[in-house]
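J.: need a 3D model of the sequence below.
(one chain, ligands or ions: 1)
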Amino acid sequence: MKKVTAKAPANIAFIKYWGKKDEKLRLPANSSISMNLSGACTTTSVEFDKRLAKDEFFIDGESLAVEERDRLSKHLDLIRKKAGLRVFAEVRSKNNFPKGVGIASSASGFAALTMAAAKAAGLGLSEKELSILARLGSGSACRSIPDGFVEWRTGKRSKDSYAYSLFPPEYWDICDLIAVVGEKEKKVSSTEGHALAQSSPFYRARIIGIPKKIREIKKALKDKDFTKFGEVSEREAINMHAVMMTSNPPLYYWSPQTQAVILAVEEWRDSGLEVYFTIDAGPSVHLICKSNGIAKVRKCLSGIMGIKRVIINYPAAGARFLTNGNN
Ligand code: PMV
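T.: Okay, here's the model as predicted:
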């Protein structure tokens, strides 16, 4: 069978997904809004091969833990079932950014895997179907399928929980500078973290407040109101981390460097540089600014100790084929 290669971006959520209303189907407790990232991508090739006795995975040249292999094989099982296929696959995947430090490697990883494997299995799926399938691998992966600025509505059933594009990447010239503050993998994965969310006494309050935040951020996006957009995003990130830190057991994704960047952002803003932060399930800080602010933000970051590298991201297209299996 033909080998198919697909490339998918990671994404950063401004209104975040934390907690599920259906664990198995990965139905999120709330809707979320994100932007695809041009500088953080996964490229994955999949080939189903009758000669294989099991699925083989080569991810960034490293061997995978058993649980990771099982999770990927389970995802391939869904695709095999849809395609009526009983053949194992060889999967080769490369990330151009470090895994597990709060850049969504599972989002770009499962989006690229879904797209390449579905096509390699002979399925011709729509963007919506690919988004639903990617969601079953890792929730936020559904947002890496469509282009640019994206909304993922919760949905009541699996078939209506998918992401779609609100605006194409060229709609707004904002960017996300990721200050990578650690390259060690996090101890608690987001999958485990989601399951703890409801144990926080602040969980319900956060969920109740989400529809208003979604309305506000969508309006800010439509009006290109950067100040409002940044303020809502920043408050939302702190809110999600408050739930994480107050779950039982608590999840502390921040490191001292995370806190140092957060405090510096406030100072930079006071001195006239318009930049906001958001943080996912890891210590790295995403700094959101207009593209004419990149040089200044980089310079400011260079004054902070402990930043391993800075990844510059513009809004990006969603998942794409690099080869289509026809050649
Ligand atoms: O898709 P997951 O299980 O990796 O969860 C993503 C969780 C956050 O990155 C913290 C928030 C989000 O909406 O991306």
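
J.: going by C-alpha atoms from here, please, whenever you check contacts or count neighbours.
T.: Fine.

J.: show me what contacts Lys16?
T.: By C-alpha atoms under 8 Å, 6 or more residues apart in numbering, the contact list for Lys16 reads 31-34, 236-237, 240.

J.: repeat that for 6 Å
T.: Lys16 is in contact with Ser32, counting by C-alpha atoms under 6 Å, 6 or more residues apart in numbering.

J.: can you report phi and psi for it?
T.: Main-chain torsions, Lys16, degrees, to the nearest 10: phi -100, psi 160.

J.: distance of it relative to the ligand?
T.: Note on Lys16: its distance to the ligand, by C-alpha to the nearest ligand atom, to the nearest Å, is 4 Å.

J.: can you point out the buried residues in the helix or strand where Glu234 lies?
T.: Using DSSP states H and E, Glu234 sits in helix 226-245. Residues of helix 226-245 classed as buried by neighbour count (16 or more other C-alpha atoms under 10 Å): 226, 228-230, 232-237, 239-245.

J.: and what of stretch 58-67?
T.: Ile59.

J.: so how far is it from its chain's centroid?
T.: Its chain's average C-alpha position is 20 Å from that of stretch 58-67, according to C-alpha atoms, centre = their mean, to the nearest Å.

J.: likewise stretch 313-327?
T.: On C-alpha atoms, centre = their mean, the centre of stretch 313-327 falls 16 Å from that of its chain.

J.: average pLDDT for that stretch?
T.: Averaged across stretch 313-327, the pLDDT comes to 83.

J.: flag every buried residue along that stretch.
T.: For stretch 313-327, burial by neighbour count (16+ other C-alpha under 10 Å) applies to 313-321, 325.

J.: on the three-state scheme, Phe97 is what?
T.: coil (DSSP: H, G, I helix; E, B strand; the rest coil).

J.: need the pLDDT of the residue with the largest distance to the centre of the chain.
T.: For the chain, the largest distance from the centre (C-alpha atoms, centre = their mean) belongs to Arg51, which lies 34.0 Å off. On the pLDDT scale, Arg51 is placed at 97.

J.: that one: what secondary structure?
T.: Strictly by three-state DSSP, Arg51 counts as coil.

J.: list the contacts of it.
T.: Contacts for Arg51 (C-alpha under 6 Å, 6+ apart) come out as none.

J.: how close does it sit to Met1?
T.: 11 Å (C-alpha to C-alpha, to the nearest Å).

J.: enumerate the residues of this protein near the ligand.
T.: 13, 16-18, 106-107, 138-140, 190-191, 280-281 (C-alpha under 6 Å from any ligand atom).

J.: swap the cut-off to 5 Å and go again
T.: Proximity of the chain to the ligand, by C-alpha under 5 Å from any ligand atom, involves residues 13, 16-17, 138-140, 190-191, 280-281.

J.: closest to Leu251 out of those?
T.: Of all the residues of the chain next to the ligand, Ala281 has the smallest distance to Leu251: 9.2 Å, by C-alpha to C-alpha.

J.: that closest one: neighbour count?
T.: Under the neighbour criterion other C-alpha atoms under 10 Å, Ala281 is assigned a count of 23.

J.: do the same with the one 3 residues further on
T.: Other residues lying near Ser284 total 28 when counted by other C-alpha under 10 Å.

J.: the nearest residue to it once chain neighbours are set aside bridge partners, please.
T.: Spatial nearest neighbour of Ser284, chain neighbours left out: Val180 (4.7 Å); criterion: C-alpha to C-alpha, 6 or more residues apart in numbering. Beta bridges link Val180 to Arg309, judged by DSSP bridges.

J.: would you agree Val180 is in contact with Gly306?
T.: No: with contact defined as C-alpha atoms under 6 Å, Val180 does not reach Gly306; the gap is 8.8 Å.

J.: of those two, who's got more company?
T.: Set Val180 next to Gly306 and count neighbours by other C-alpha under 10 Å: Val180 wins out with 24 against 15.

J.: quick one: pLDDT of the more buried one?
T.: According to the prediction, Val180 has pLDDT 93.

J.: ok, it - contacts?
T.: Neighbours of Val180 in contact, by C-alpha under 6 Å, 6+ apart: 284, 307-309.

J.: buried subset of these as a PyMOL selection?
T.: To isolate the buried members of the contacts of Val180 in PyMOL, using 16+ other C-alpha under 10 Å:
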select buried, resi 284+307
